[in-house]
Structure formats: structure tokens, C-alpha cells
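Sequence isn't available, so here's the structure alone:
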């Protein structure tokens, strides 16, 4: 595929591909890892009706990740992709200190992880817990190893070989104009849905919660202060500003507890509709303000909180060693009639858990900023594959948090208000119907413990996760701080989501301006103020209206929209996997195309089955159009169907279900267009003798020597020392470990 | 391990963390810029000016944050 650099230049790194034999020591270590993993999986698979420690899930996952990273990711990186450390990466060739910048692999890992991980891996597993802990655990671990991490790694590699081109650009140039246009539309609309659903989760977590609203609202002035601090008072002192910001943030969480019973607390007890308005206004303002004022400082805050919470959660799981309360597999998995979301295990577990197992959205980041900063080709394994494994670990922790709380409480929290009736008494009756012995007093006590007015029907996953985390943290660290930890968890989830929403709105604005700029030149000029304002307003109006529809949906917005979100995200993954499969084949690597081809086929089977069911199923709880028809029939007969309370709400259900059905069918069709276009290209490549020219940049010799993995091997250390001797000392930062 | 060994490990780890955070947050860019200016022999702009230019460059490159 590539024109290899033949001369032995000083930039030659020790070649990771050479098949060094494993030492006895590493054979022993890897056999031990495999055994621990096998025992953990066996316990999870065989335990029925007895108490199972959550640590088994943790060990099963960690051992599987380690083996996958050591063997499978290595195979893909060196054998399938054929990374070549003698080639200069775009960061080295096009270095400009702005977006193209050679970055230390460990630092880039941090940047990449912060960009891909947000609220998604925290929420999906919580909802999927309605089917028990086992399906979710298996999908998160197997999915990430064979699909999600493979997608991130391969997209990162191919984009890096093309100077960091975006997913849409690569689809257009490598597959075709039809596929390219379909992919562009798909990326934009899917992003709108994702932003709306993320915002919906925040609204559901903050509604009627003055404590939550107070601390989240304060993140805005805190970020503004940090922005001003970095701009005028102490330019560039990011760590100082972030330290102050984090301290203020913790104070804001504590302060929420003080104000909630005061007049201010009453004023901040907001309905969902008001929160929608607040979010829309915020999203618009944030996307047109200069980034240094709000977005950048918020991003620092959010990332520090993100890493802090993940570390804290992992540590507290080890200390608290909670016991799983959920069954391995519930009846809802078999019968598909769960109250959290409708549909059976296949395909809906694989849809509900997107981030953490396979997330198409990552393809946008793996083909955006990250590939322009990679120092050495073989580092894509650490950054792409390793970064996604880390996100998967977050998803596993979230799943554990949802499975260690009382399961009656879990279902009371996650079933829509139309099902639980909204009060503790009716909710207790509702979950007792499933065989849980959770009483109304238990539900009231759980709410009192976290100082929330109620926990009934607090859907969206975030409150459930917060309850789980608060329970684990207070078990681990003691001190009776459950209410603080609950709001701490709500705060950081909302913080991630708001960061994703304002960054996403900006990205959407750029995309819109860029696209319309093709026909109306002026609009594409990013410095043209009216263009910015119009494009931002359009993007915000789009996700804002979907958000409003979700919030006011009588059937429960999360219940209705989350499947659309999951399917959309994985349809995006289908586009990304199609692209990389086509590229492998065009590069003459048909015999390795299964590496991305198998997850692609799996993903297509899952998303197309789910789309088909959401569009054509005649079960109203599953099929959007069947649902609309059911309410229309009732309306014709002059009836009002619960949970709708009047004809207005009946109209709403019909409208929403029809809209969701149309969107669902539209997304699936776009993906089908891309895939068909890809099939044509693949056929052409095979007929042409197994390869086709691509837009890959020609090889240029590299003058850098860098380790490939997290830790430098002795050979790599020797190569670096040798290189420094040849080109002169002082090229490496003295402090750099 | 002697106390001196422990101290040296702690110092090394602390230096590593500090290095990582400064790299990650971009604070070390200023040092790199100063060094570059010294090597090429041109006078550096003020830190305020430098950070302002970096922030303005960020304005034109969208940063994606995933779900």
C-alpha cells in the first residue's frame, strides 16, 4: 500500500512489528491474567440467585481489556494496518503549533480520552440494567474489544494517513459523492438528535431540584471568572485558574444544600419547560461568545472533574466492594416488555449501550483533532484503542453503580411518570407488581437520603447513576455525605453534558456554515458575524425543538427518544466502519477486511433490525407508527388513552411518534445509501485486481524517535538515546519522564 | 529502600505529574515559545499577547466533545 522509506535514517524507531518471542516471564503473567479473567467470567455466568460481588464484573472487564490490548490491538496495528514509524506523521510534517502539533503520546491520550468520554457511557448502561447485569457487561466488554475500539483505532489511523481529514471528507473522496452527501446529512442530523437527548438528560436531572440547578447555574459564572482570569489577570496560568475553579465548584455543590430550603431555593425550583428555555438560551449564547470566555475554561473544569470522578469511582468500588442487587438476566430481557425502554434483548441492549461499547460519534473525533497531533504512527494503538478501552471501563463502572442499588428503587426511578403515577405510593405498587418488595416508605427514605423531593420517575439515567455513586462513595468513605455525593454526581454529569452541548452546537454551526458556504460564499466565512448568529440559531432551534418534544412527551421523553439516540449513534458507527472496511480493501488488504467487516456486519444487523422494529413493528410500545395508529384509533373512537390525559396530549403522542418514526427511517436510509455506494467501490476494487488508488499521503521520512506504547521499552530507550546522540542533545524537554 | 530512595521516587513522581499537567493544559507552550525565540534570536512577545493569539487560533478550530 505505501511506499516504504527504505534508507535507514536516524528517525528509525525500533520496529514493534518484528515478532520477538515472548519471554517466560511475560508468558506467565499473561496466562495469569487470562486465568483471573476466565474465573471472573465463570462466576458471572454461573451465579444464579446468590450474592455476587460487583468486583467480579470489574475483574472480568479489566483482564479482557488487558488481553485485547496486548494481543488483538497489536495485531491490528502492526499486521492489519501496517503502521510504519519511519513515516512522518502529519503532526511532524505539517507542524504549525496550532492544530498540527507533535504531542507526547501520554498527553494526547489524555486529550483524546477527554474528548470521547462524556455522559454517554454513564447513561446507557444504567438504562440497560433493566435487562440485568450480564447482557450489559458482555456487550460492553466484547463490543469494545471487537467493534468500538477497532473503529476508533482504524479511523484514527486512516485519517492520520490523510492529514487528519474528517469522516465526511473521507467518505466523499474514498467512497463517492452520493455516499459523501448522505454521510454529511447523517452526521449533522444525528448530532442534533444526540445533543437533544443529552440535554433531555440534564433537564430530567435538574427539574424540581433547586440544589442541582443552583450548583449547575454557578458553573457559568465560575467559568466566566476563569476565562477573565486567564485573559487578563494571569494569562496562560491554566492550572492555577482550574484549581480555583474546582474549589469554587465544590463550594457551589455544598452551597446548593444551604439554599434549597430558602426563598432562593423556591425560585430555583424550575419546571422542565423552563429548563428547556434556559438551556436553549444558554446553548445559543455559549456558541456565539468567544471561546476563551466560556467554552475553554468550562472544558478544563469538566475534564478535571471527569478524571477525578472516574479515579474516585474505581477506588471506591475497590474499597466498598458492593454486592450486585440486580439479577444476571431479568424477565424483561426475555419478554421485551420492560418499563425503562421497550423491546427485547436483541437488538435493544446493543442500541441502549452505545458509548462504552461502540460509539459512532468517536469517529468524528478520531478523524478531527487527534490525528493531527500523533507523534508516531504506532501510537494510534495506545490513543485510539487504549482510549476507547478506558471509556468502556467508565461504562462498566456505571453499570455496576446501577446494579448495586435496590432494584425496586431502580425501576421506580426509571419508569416514566405515566407508569408510576408519580407518587411514592403508586410507584411502590407499580414495582411490587414486578415482584420487588420495595415499599412507599423505602422510596421516600431514598429520596430523603439524597435530599431530593422525590426520586420517582427521575428518568434519564443520571439520577439513578447519582444514587448508585452516592451509595458507593458513602459506603467507601463514610461520613454520611450521601446527599453531597448525589449532587456531586449530578453536577459532574450535567457539566459533561453542557460541555458536549455547547461544543456540539459550535461544531454544528461550523458544519452548517461550511455546507451552505458551498452555495452562498459569504455564509461560509466563519468571521462573518450575521452568519455565525444565524447558523447558531438554526442549530440551537433544531435540537431545542427536539428537546422540547421529548420533555413534554406524555409517554416519557427518555423512553421514546433514547432508542433513537442509540440507533443514530450506531448508524454513525456503521458509516465509519464502512469507510474503514472500504479503505482496507482499496489498500489491497481484502484478507484482513474482516477486522472491521465483522463488526460492521454485526452493527448493521443490530441497527437495521432495531430500525425496522421501530418503524414497522405492530406492537405499539415498540413501533413508532403502530403507536401513532393506536392513539389515532382511540381518538376516532372518542377515547383518551393513558398516560395521555386529554385530546391535546393524544395529538402530541401521535405527532411525536410519527416524527420519531420518520427520523428513524430517514437515518437508516442514509446509512443504506452509504453502504450501497461502498459495495460498488468494493466490487470495483476487487475487479481491479484487489486494490485501488486512495488519497493517502505519500510517505515522508520521519526525524523523530518516540516510544510506541505507554511505557518505553528498553529497545526504545536505547533508540532514543542513539537518536539524541546523532542529532544533538537537548531536543527533548528536560522534565519529560 | 532508604528514606533517600523514597524521597527521590516521590520527587520524580511529583515532577512527572507537574510535567503532565503543564503539557496537558498547554501551559508549557509558553516555555517552548521562549526557548524557540532564544534559539532563533528574535524577541518574544509578551505572555498576554502570546496567550491571546493562542486563544484566537482556538476560535477557528472547533473542539468536539462526545457524548
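Looks like it came in fine. Treat the numbers as computed from the prediction; the structure is a model and nothing was measured.

Chain neighbours aside, what residue packs nearest to residue A:462?
Leaving aside its sequence neighbours, residue A:462 sits nearest to residue A:205 (C-beta to C-beta, 6 or more residues apart in numbering or on different chains; 4.1 Å). From N, CA and C alone the C-beta is placed, and that goes for glycine too.

hang on, isn't the one you found packed against residue A:494?
Yes - contact criterion C-beta atoms under 8 Å: residue A:205 and residue A:494 qualify, at 6.2 Å.

residues from chain B in reach of chain A?
Contacts of chain B with chain A, taken as C-beta under 8 Å from any C-beta of the partner chain, map to B:12, B:15-16, B:18-30, B:32, B:47-48, B:50-52, B:55, B:57-67.

In chain A, which residue sits closest to chain B?
Of all residues in chain A, residue A:120 sits closest to chain B, at 3.4 Å by C-beta to the nearest C-beta.

what's the neighbour count on that residue?
The number of residues packed near residue A:120 is 33, by other C-beta atoms under 10 Å in any protein chain shown.

does the residue nearest to it when sequence neighbours are not counted sit in a helix, a strand or a coil?
Of all residues not flanking residue A:120 in the chain, residue A:355 sits nearest, at 2.9 Å (C-beta to C-beta, 6+ apart). Classification of residue A:355 by DSSP: H, G, I helix; E, B strand; the rest coil places it in coil.

related to what we said a few turns ago, looking at it, the residue of chain A closest to chain B is touching residue A:359, isn't it?
Yes - contact criterion C-beta under 8 Å: residue A:120 and residue A:359 qualify, at 6.5 Å.

what is in contact with the two at once?
Common neighbours of residue A:120 and residue A:359 (criterion: C-beta atoms under 8 Å, 6 or more residues apart in numbering or on different chains): A:569, B:66, B:67.

Torsion angles phi and psi at residue B:66?
The phi/psi pair for residue B:66 (degrees, to the nearest 10) reads phi -90, psi 170.

right, and it touches residue A:500 too?
Yes - taking contacts as C-beta under 8 Å, residue B:66 lies within contact range of residue A:500: 6.6 Å.

quick one: buried residues of stretch A:685-692?
A:685, A:692 (16 or more other C-beta atoms under 10 Å in any protein chain shown).

go on, stretch A:72-91?
For stretch A:72-91, the neighbour count (16+ other C-beta under 10 Å) marks A:72-74, A:76-78, A:80-91 as buried.

Where does chain B get nearest to chain A, which residue?
residue B:67 (3.4 Å).

Go ahead and confirm residue A:684 touches residue A:692.
Yes - contact criterion C-beta under 8 Å: residue A:684 and residue A:692 qualify, at 6.7 Å.

so where do the helices sit in chain B?
Along chain B, counting by DSSP state H, helices occupy B:3-25, B:28-40, B:47-60.

hey, which of those helices is tucked in deepest?
Greatest average neighbour count among the helices of chain B goes to helix B:47-60 (a mean of 15), per mean count of other C-beta atoms under 10 Å in any protein chain shown.

Quick one: list the elements packing against it.
Using 3 or more C-beta pairs under 8 Å, 6 or more residues apart in numbering or on different chains; DSSP states H and E, the elements in contact with helix B:47-60 are helix B:28-40.

re the thing from before, residue contacts, the residue nearest to the residue of chain B closest to chain A when sequence neighbours are not counted?
Counting by C-beta to C-beta, 6+ apart, residue B:67 lies nearest to residue A:120, which is 3.4 Å off, once chain neighbours are set aside. By C-beta under 8 Å, 6+ apart, the residues touching residue A:120 are A:198, A:354, A:355, A:356, A:359, A:361, A:569, B:66, B:67.

Neighbour-wise, which one of the residues you listed leads?
Highest neighbour count within these, by other C-beta under 10 Å: residue A:359, with 37 neighbours.

Quick one: classify that one as helix, strand or coil.
Classified using three-state DSSP, residue A:359 is coil.

doesn't residue A:571 make contact with it?
No - in this structure, residue A:359 is not within contact of residue A:571 by C-beta under 8 Å, at 11.5 Å.

Pull up the distance across stretch A:65-80, start to finish.
19 Å (C-alpha to C-alpha, to the nearest Å).

in the helix or strand harbouring residue A:188, what counts as buried?
Following DSSP states H and E, one finds residue A:188 within helix A:177-206. For helix A:177-206, a neighbour-count test (16+ other C-beta under 10 Å) marks A:179-206 as buried.

Over to stretch A:387-402?
Quick answer for stretch A:387-402 (16+ other C-beta under 10 Å): A:387-402.

Mind checking which of those residues are in helices?
Judged by DSSP H, the subset of these located in helices is A:387-402.

Quick check: neighbours shared by residue A:205 and residue A:494?
Residues touching both residue A:205 and residue A:494 (C-beta under 8 Å, 6+ apart): A:212, A:462.

Let me know the pLDDT of residue 67.
Using chain A. Per-residue pLDDT puts residue A:67 at 98.

The intended chain is chain B.
Looking at residue B:67, its pLDDT reads 71.

There's contact between it and residue A:569 in this structure, I believe.
Yes - the pair residue B:67 and residue A:569 qualifies as a contact (C-beta under 8 Å) at a distance of 7.2 Å.

List the residues that are in contact with both of these two.
In terms of C-beta under 8 Å, 6+ apart, residue B:67 and residue A:569 are both contacted by the residues A:120, A:194, A:355, A:359, A:361.

Please name the nearest non-neighbouring residue to the fourth one.
Once its chain neighbours are removed from consideration, residue A:359 has its nearest residue in residue A:569; the separation is 5.7 Å (C-beta to C-beta, 6+ apart).

counting contacts, what elements does the helix ranked longest in chain A pack onto?
Counting by DSSP H, the longest helix found in chain A is helix A:647-687. In terms of contacts (3+ C-beta pairs under 8 Å, 6+ apart), helix A:647-687 is packed against helix A:177-206, helix A:529-552, helix A:557-586, helix A:594-616, helix A:624-636.
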